[in-house]
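> here you go, sequence then predicted model.
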Amino acid sequence: MAVPVAFFAVFFGYPVAAIVGRGLRAGGQWHLERIGQVLGDAGTLEVLWFTVWQAAASTALTLALALPAAWVFARLDFPGKRLLRAVVTVPFVLPTVVVGSAVLALAGRGGVLDAWFGLRLDTSVWAILLAHVVLNYAVVVRTVGGFWSQLDPRQEEAARMLGAGRFTAWRRITLPALAPSVGAAALIVFLFTFTSFGVIQVLGGPRFATLEVEIYRQTASLLDLPTAAVLTLLQFVAVAALLAVHAWSLRKRETALRLLPAEHTARRPAGAGQWTVLCCVLATIVVLTVVPLLVLVQRAFDGPDGYGLTSFRDLAGQSDSATFVVAPVEAIGNSLAYAAVATALALVVGGLAAAALTVTRTNGSAPRAGRLVRGFDALLMLPLGTSAVTVGFGFLIALDEPPLDLRSTWILVPLAQALVGVPFVIRTMLPVLRAVDVRLREAAAVLGASPLRAWREVDFPLVRRALLVAAGFAFAVSLGEFGATVFIARPDTPTLPVAVARMLGRAGESNYGQAMALSTILMLVCTAVLFALERVRTDSQGEF
């Protein structure tokens, strides 16, 4: 536990505490009265209300549209299932600014809906809700669908043989078993939408702002650190409460049922009803996932002289922006290099954390130690819900003095990306590590193997595929990290998400086309990674 704790203390706890302290402490004294002033402000309450409201609405819409797909992936076996699951996951690992751009190209001014139906959503909250559904659709499909696929279908079949109708059997048997999983997925979606930043930046305009966007505005535009610090604390408390509920639901889900291998529960579609549901789910996936991404690609090739590679060729030209001083194409190499380093860091930190959680569990820890481990597990999840803007700006404030004078070095970006990648490594590897029979390690030790050799010859062959999946997810998520890197990526070494955001922020058709071209390249890289993951993934490898 020592390495993960030290990593999070130095590169997460310290920067967040530094920015909060800088905002609320002046002249050697704490000015806590600022908390009451900010929380009592009408503007703050309006931002908080919109943050909660849009997160709740996004969660409800995502569940309504994704739960049928979760059933299809869990209970039906059909050609192209793995490919389709990878396609569904592509928006989840893409930068939020890219997904926002895709929705903008679909439903904004001059978009497909505007051209065909005269319908524009970019001036309303519906564009934000649509983008959030596109982003988080895979969370419900993979979290609920993965668990649903391991439920024994014979229990529901037995209820029907005893006279229960199809809906009654589902409501009395399957729904109670699924409730913890659905609750966990809903909490994750609510968490992601509660801290939404990139989507709101692209689609919200001046009318809509979440806590995350308001923290960014107070920090970067108004330089009002006291207000930003109070909003950070408010968001932190809300996220901590959500993670506590999420941890409780995970424990309930792990211990309540005996599960079956997923390959034993899926069957070929039978009957008109199942084929109808499958077709409706496929149509939903096409509308929510495929169409926005295809529109994004179409915009990348649609240049001023018609369709062609103009926007892609322009990426090699020198930028004339003061905040973007290199050719945009260099962002591709920067992102790949940063993501590779971040993946290595996430695998080391996340792998050690997962191993620590597993060993403590298998050794039968005392209740106090169990609470400590659960707290440790929750700590490692905090970066998923804490303001990435706060972490990025905290890096600039805290890591600028010896012995941690990293402000002018390249390592800041991979460190910020690794913070987001670690939770995915843990959630992917933990179930597999827990499934390793402890008696195998004990037998190796009896035969004289050292702990390192036992891990190399017993654990590693069993968890190798999960490790590859964890590395792939960490790499894809690192490629898409935006909230923190928008602060710390230097103008001469931008990442792909930062380059896309800066291009979208500049006027001109050429800049928009280059933003779409960069987004297309990033989408293709993430898609290739996800397709590779589906070839090595098994249904027992974590929530994702």
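Received it, and whenever you're ready, just let me know what you need.

> next SSE after the host helix or strand of L462?
Assessed by DSSP states H and E, L462 sits inside helix 460-480. Of the helices and strands lying after helix 460-480 in sequence (DSSP H and E), the nearest is helix 485-488.

> for the stretch 351-500 of the chain, which spans come out with low pLDDT?
Within the stretch 351-500 of the chain, the ranges that satisfy pLDDT under 70 run 359-375, 385.

> ok, now with 50
Flagging of the stretch 351-500 of the chain using pLDDT under 50 yields the residue ranges 360-369.

> also the stretch 1-150 of the chain?
Using pLDDT under 50, the stretch 1-150 of the chain has no residue that qualifies.

> sorry, back to before: now do the helix holding L462: which elements does it pack against?
In this structure, helix 460-480 makes packing contacts with helix 81-93, helix 330-362, helix 412-435, helix 496-504, helix 509-536, judged by 3 or more CB pairs under 8 Å, 6 or more residues apart in numbering; DSSP states H and E. In this view, the C-beta of every residue, glycine as well, is placed from N, C-alpha and C.

> who are the packing partners of the third one?
It refers to helix 412-435. helix 330-362, helix 367-385, helix 388-398, helix 460-480, helix 485-488.

> of all those helices, which one is nearest A9?
helix 367-385 (9.4 Å; CB to CB).

> next, format the helices and strands packed on helix 460-480 as JSON lines and append distance to R171 and mean neighbour count.
Shown next, in JSON lines, are the helices and strands packed on helix 460-480 (distance: least, CB to CB, whole Å; neighbours: other CB atoms under 10 Å):
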{"stretch": "helix 81-93", "distance to R171": "27", "mean neighbour count": "21"}
{"stretch": "helix 330-362", "distance to R171": "34", "mean neighbour count": "21"}
{"stretch": "helix 412-435", "distance to R171": "28", "mean neighbour count": "24"}
{"stretch": "helix 496-504", "distance to R171": "43", "mean neighbour count": "26"}
{"stretch": "helix 509-536", "distance to R171": "33", "mean neighbour count": "20"}
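
> residues contacting the residue nearest to G100 when sequence neighbours are not counted?
Closest residue in space to G100, ignoring its immediate chain neighbours: V202 at 3.2 Å, by CB to CB, 6 or more residues apart in numbering. V202 makes contact with T96, V97, G100, S101, L104, A501, L504, according to CB atoms under 8 Å, 6 or more residues apart in numbering.

> now, which of those residues sits nearest A6?
Nearest member of the contacts of V202 to A6, counting by CB to CB, is T96, at 29.7 Å.

> so that closest one touches H132, yeah?
No. T96 is beyond contact range of H132, at 9.2 Å (criterion: CB atoms under 8 Å).

> hey, what's in contact with both of those two?
S196, V199.

> related to what we said a few turns ago, buried stuff in the helix holding L462?
463, 465-480 (16 or more other CB atoms under 10 Å).

> the residue nearest to G100 should be in a strand, yeah?
No. Read with DSSP: H, G, I helix; E, B strand; the rest coil, V202 is helix and lies in no strand.

> give me the neighbour count for A445.
By other CB atoms under 10 Å, the residues close to A445 number 14.

> which secondary structure element is home to it?
helix 438-446.

> what does G146 give?
Residue-wise, G146 maps onto helix 126-148 under DSSP H and E.

> using PDB, write out every CA atom in that helix.
Provided in PDB are the C-alpha atoms of helix 126-148 (Å, rounded to 0.1, in the frame of the first residue of the first chain):
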ATOM      1  CA  TRP A 126     -30.800  18.900 -24.600                       C
ATOM      2  CA  ALA A 127     -27.400  19.000 -26.400                       C
ATOM      3  CA  ILE A 128     -25.600  18.600 -23.100                       C
ATOM      4  CA  LEU A 129     -27.900  15.700 -22.000                       C
ATOM      5  CA  LEU A 130     -27.500  14.000 -25.400                       C
ATOM      6  CA  ALA A 131     -23.700  14.200 -25.200                       C
ATOM      7  CA  HIS A 132     -23.700  12.800 -21.600                       C
ATOM      8  CA  VAL A 133     -25.800   9.900 -22.800                       C
ATOM      9  CA  VAL A 134     -23.400   9.200 -25.600                       C
ATOM     10  CA  LEU A 135     -20.400   9.400 -23.200                       C
ATOM     11  CA  ASN A 136     -21.900   7.200 -20.500                       C
ATOM     12  CA  TYR A 137     -23.900   4.700 -22.500                       C
ATOM     13  CA  ALA A 138     -21.000   2.200 -22.200                       C
ATOM     14  CA  VAL A 139     -20.800   2.500 -18.400                       C
ATOM     15  CA  VAL A 140     -24.300   1.000 -18.000                       C
ATOM     16  CA  VAL A 141     -23.900  -1.500 -20.800                       C
ATOM     17  CA  ARG A 142     -20.600  -2.900 -19.500                       C
ATOM     18  CA  THR A 143     -21.300  -2.600 -15.700                       C
ATOM     19  CA  VAL A 144     -24.900  -3.900 -15.700                       C
ATOM     20  CA  GLY A 145     -24.500  -6.100 -18.700                       C
ATOM     21  CA  GLY A 146     -21.400  -7.700 -17.400                       C
ATOM     22  CA  PHE A 147     -23.100  -8.600 -14.100                       C
ATOM     23  CA  TRP A 148     -26.400  -9.500 -15.700                       C
END
